[in-house]
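S.K.: missing the sequence, but the structure's below:
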């Protein structure tokens, strides 16, 4: 549990920053991060924002294509998605699902879920466990990563190419996003990220 806490703390310290990448008019569906070690892929109707993402730290922002690119196409849901890949060798979910779930229910785990690191801001509402995946729905009463986001967050923890990875979903204050829609968006992003990196791993093995 100590190793999990250290790894999650490192991920929590990664923030939002701009990078000097032009935004194509058609939007970006897939973006390579960490010098190509991993890839992030957006679900249908969504695009990766290369300007708000930070490829060198493994951080990506995903939103409706109509919001971040001149596509004129908007997703049926309006969510704000972030993906954070941890350092090489940080994978800690597969085989340790119970330990991670237990950690996230502690005060230390609440501090890791919090954007501000304050456990008193966190209320965990639901947690689901699967093989190699932990998802948690919680409320964070502290300041959001970006202004205009709701306090409810849905977050998944999984391992990608030997790296602990977190995928988070929040709704904008200006729109509505039901719990079911948020979960669907979360799991759709998990599936896309897994698929993109599975193909990359297979290609690397065949080189």
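M.R.: Cool, got the structure. It should be emphasised that the depicted structure is a prediction, and the values quoted were computed from it without experimental measurement.

S.K.: residue 62: neighbouring residues, count only.
M.R.: Around residue 62 there are 30 other residues, counting by other Cβ atoms under 10 Å. For glycine as for every other residue, the C-beta is placed from the backbone atoms N, C-alpha and C.

S.K.: repeat for the one 3 residues further on
M.R.: Other residues near residue 65 come to 24 when the count uses other Cβ under 10 Å.

S.K.: look up phi and psi at it.
M.R.: Torsion angles at residue 65 (phi, psi; degrees, to the nearest 10) stand at phi -60, psi -30.

S.K.: name the residues linked to the residue nearest the centre of the chain by a beta bridge.
M.R.: Among the residues of the chain, residue 167 comes closest to the average C-alpha position under Cα atoms, centre = their mean, at 1.9 Å. In this entry, residue 167 is beta-bridged to residue 83, residue 156, by DSSP bridges.

S.K.: you'd agree it is up against residue 190?
M.R.: Yes: with contact defined as Cβ atoms under 8 Å, residue 167 counts as touching residue 190 (5.8 Å).

S.K.: which neighbours do these two share?
M.R.: Here residue 167 and residue 190 have 156, 158 as joint contacts, going by Cβ atoms under 8 Å, 6 or more residues apart in numbering.

S.K.: ok so, going back, distance check, the residue nearest to the centre of the chain against residue 151.
M.R.: According to Cβ to Cβ, to the nearest Å, residue 167 stands 18 Å off from residue 151.

S.K.: same check, this time on residue 144
M.R.: Going from residue 144 to residue 151 by Cβ to Cβ gives 7 Å.

S.K.: now the longest helix along the chain: average pLDDT?
M.R.: Counting by DSSP state H, the longest helix found in the chain is helix 179-206. Helix 179-206 shows a mean pLDDT of 83.

S.K.: which helices and strands sit right next to that helix?
M.R.: When contacts are defined as 3 or more Cβ pairs under 8 Å, 6 or more residues apart in numbering; DSSP states H and E, helix 179-206 sits against strand 38-41, strand 79-85, strand 133-140, strand 152-160, strand 163-171.

S.K.: can you give me the buried ones in it?
M.R.: The neighbour-count check on helix 179-206 (16 or more other Cβ atoms under 10 Å) flags 181-190, 192-194, 196-197, 200 as buried.

S.K.: which strands or helices does the strand or helix carrying residue 111 pack on?
M.R.: Using DSSP states H and E, residue 111 maps to helix 107-113. If contacts are counted by 3+ Cβ pairs under 8 Å, 6+ apart, helix 107-113 sits against helix 2-12, helix 97-104, strand 122-130, strand 133-140.

S.K.: hmm, 10 Å instead?
M.R.: helix 2-12, helix 97-104, strand 122-130, strand 133-140, strand 163-171 (3 or more Cβ pairs under 10 Å, 6 or more residues apart in numbering; DSSP states H and E).

S.K.: quick one: the third one to strand 133-140, angle?
M.R.: It stands for strand 122-130. Orientation check (axes from the mean of the first three to the mean of the last three Cα atoms, to 10 degrees): strand 122-130 against strand 133-140 gives 170 degrees.

S.K.: so which residues make contact with strand 122-130?
M.R.: With contact meaning Cβ atoms under 10 Å, 6 or more residues apart in numbering, strand 122-130 is reached by 93, 97-98, 100-102, 104-105, 107, 109-116, 134-142, 151-154, 156, 158, 179, 183, 187, 190.
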